[in-house]
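**Q** coords please:
(one chain, ligands or ions: 1)
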Amino acid sequence: MKALEGKVALITGAGGGIGTAAALAFARGGARLHLLDAEEEGADRAAAAVREVGGEASTAVADVSDHAAVADAVGAVVEAHGRLDCAFNNAGISGPLREFLDYPDEDMQRVLSVNLVGVWNCMQEELRAMVGAGAGAIVNSSSGLGVVASPSMSAYVASKHAVMGLTQAAALEYASKGVRVNAVLPGVIDTAMPARLTEDSPDTRRLMLAAHPMGRLGKAEEVAAAAVWLCSDAASFVTGHGMAIDGGYLSQ
Ligand SMILES: NC(=O)c1ccc[n+]([C@@H]2O[C@H](COP(=O)([O-])OP(=O)(O)OC[C@H]3O[C@@H](n4cnc5c(N)ncnc54)[C@H](O)[C@@H]3O)[C@@H](O)[C@H]2O)c1
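**A** I've put the predicted structure just below:
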């Protein structure tokens with residue numbers, strides 16, 4: 001029996017590094033997928049990759065900060081499959097690397113809209129479907145920076161701490177209703193996100209590497225495996241948990 005056999009799963013930010021790895025891991029685990037991304041090309045590419053490994057995937061193009069668009073996407077899954085079993089709320093942006101006093105207001109607003117309001121929107125629609133059915137599992141993408149801070153990323157740090165708070169608040173409210181809510185706390189994972197942040201700064205990349213006791217960045221597949229486990233029935237007594245996938249970063 002595969003870990004997610006027969007389950008219907010929604011993954012947001014599916015066109016990105018961790019999202020596409022998760023789409024493949026969920027498909028290999030037996031889930032039928034609905035892949036959401038703001039970029040149509042990314043969602044289509046992830047769906048094609050899923051079909052290549054024999055999986056089933058439909059797509060939605062939506063900005064998670066747009067509640068109506070998220071409601072449409074979740075509604076489409078429930079209409080097509082009759083239910084939603086799992087969700088990985090993974091869409092997120094880093095914002096720029098900038099000291100607090102120089103942080104542009106519009107960047108702060110955008111980071112909070114996508115990373116915090118976006119997860120809120122997704123959770124509300126997913127919980128509506130799952131609580132109604134009396135079962136479900138949600139995994140939110142927080143970060144190591146959801147429990148500690150790092151300089152020059154104040155809006156990102158605030159948004160990811162908030163995701164951890166939302167995770168625990170919803171976990172408490174729905175623990176007795178069959179729905180589990182957890183979060184992943186990745187260290188720096190080798191995707192386009194840190195690559196964009198460090199393209200002009202080899203020093204920052206060196207510091208990122210040095211911050212991980214294992215001496216390397218994480219792989220998207222390592223986060224994907226944790227999301228699959230947290231969504232699976234193997235994690236049936238796990239809720240409100242932030243799981244570090246960070247090569248020891250948070251243990252320092
Ligand atoms: N890569 C890391 O080092 C790292 C570390 C900790 C946490 N995370 C978190 O993991 C998640 C995925 O990161 P990644 O490294 O795969 O990044 P990525 O940039 O490779 O992928 C992000 C994906 O999200 C999509 N997206 C962005 N804004 C969106 C929006 N408003 N609505 C819908 N989709 C949107 C993008 O189009 C992209 O496909 C993010 O939430 C990120 O904060 C990443």
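**Q** need the contact list for Ser251.
**A** Residues in contact with Ser251 (CB atoms under 8 Å, 6 or more residues apart in numbering) are Pro213, Ala244. For every residue, glycine as well, the C-beta is placed using N, CA and C.
**Q** what sits against Arg83?
**A** Val8, Ala129, Ala133 are the contacts of Arg83 under CB under 8 Å, 6+ apart.
**Q** can you pick the most crowded of those residues?
**A** Neighbour counts for those (other CB atoms under 10 Å) peak at Val8, which has 22 neighbours.
**Q** Could you double-check that that one lies in contact with Leu84?
**A** Yes. When contacts are counted by CB atoms under 8 Å, Val8 is listed as touching Leu84 (5.7 Å).
**Q** Need the residues touching each of these two.
**A** Val77.
**Q** what bits of the stretch 1-150 of the chain have low per-residue confidence?
**A** Along the stretch 1-150 of the chain, no part satisfies pLDDT under 70.
**Q** how about the helices in it?
**A** Per DSSP state H, counting those that start in this stretch, the stretch 1-150 of the chain has helices spanning 17-28, 40-52, 67-81, 105-112, 118-133. These are given in chain order.
**Q** Please identify the buried residues of the fourth one?
**A** Of the residues in helix 105-112, those buried under the neighbour-count criterion (16 or more other CB atoms under 10 Å) are Asp107, Met108, Val111, Leu112.
**Q** Show me what that helix is in contact with.
**A** Counting by CB under 8 Å, 6+ apart, Ile93, Ser94, Gly95, Pro96, Arg98, Ser154, Ala155, Tyr156, Ala158, Ser159, Ala162 sit against helix 105-112.
**Q** near the ligand too, which of those residues?
**A** Ile93 (CB under 6 Å from any ligand atom).
**Q** And the top helix by length along the chain, how far out from the chain middle?
**A** Determined from DSSP state H, the single longest helix within the chain is helix 154-174. On the basis of CA atoms, centre = their mean, to the nearest Å, the separation between the geometric centre of helix 154-174 and that of its chain is 12 Å.
**Q** how about it: buried residues?
**A** Quick answer for helix 154-174 (16+ other CB under 10 Å): 154-164, 166-168, 170-171, 174.
**Q** show me the contacts for the closest residue to Gly55 other than its chain neighbours.
**A** Of all residues not flanking Gly55 in the chain, Ala27 sits nearest, at 2.9 Å (CB to CB, 6 or more residues apart in numbering). Residues counted as contacts of Ala27 (CB under 8 Å, 6+ apart) are Leu33, Val50, Val53, Gly54, Gly55, Glu56, Ala57.
**Q** With neighbour count and distance to Arg180 added, can I get those in a markdown table?
**A** Formatted as a markdown table, the contacts of Ala27 follow (neighbours: other CB atoms under 10 Å; distance: CB to CB, whole Å):
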| residue | neighbour count | distance to Arg180 |
| --- | --- | --- |
| Leu33 | 28 | 19 |
| Val50 | 26 | 24 |
| Val53 | 11 | 26 |
| Gly54 | 8 | 28 |
| Gly55 | 19 | 23 |
| Glu56 | 13 | 24 |
| Ala57 | 23 | 23 |
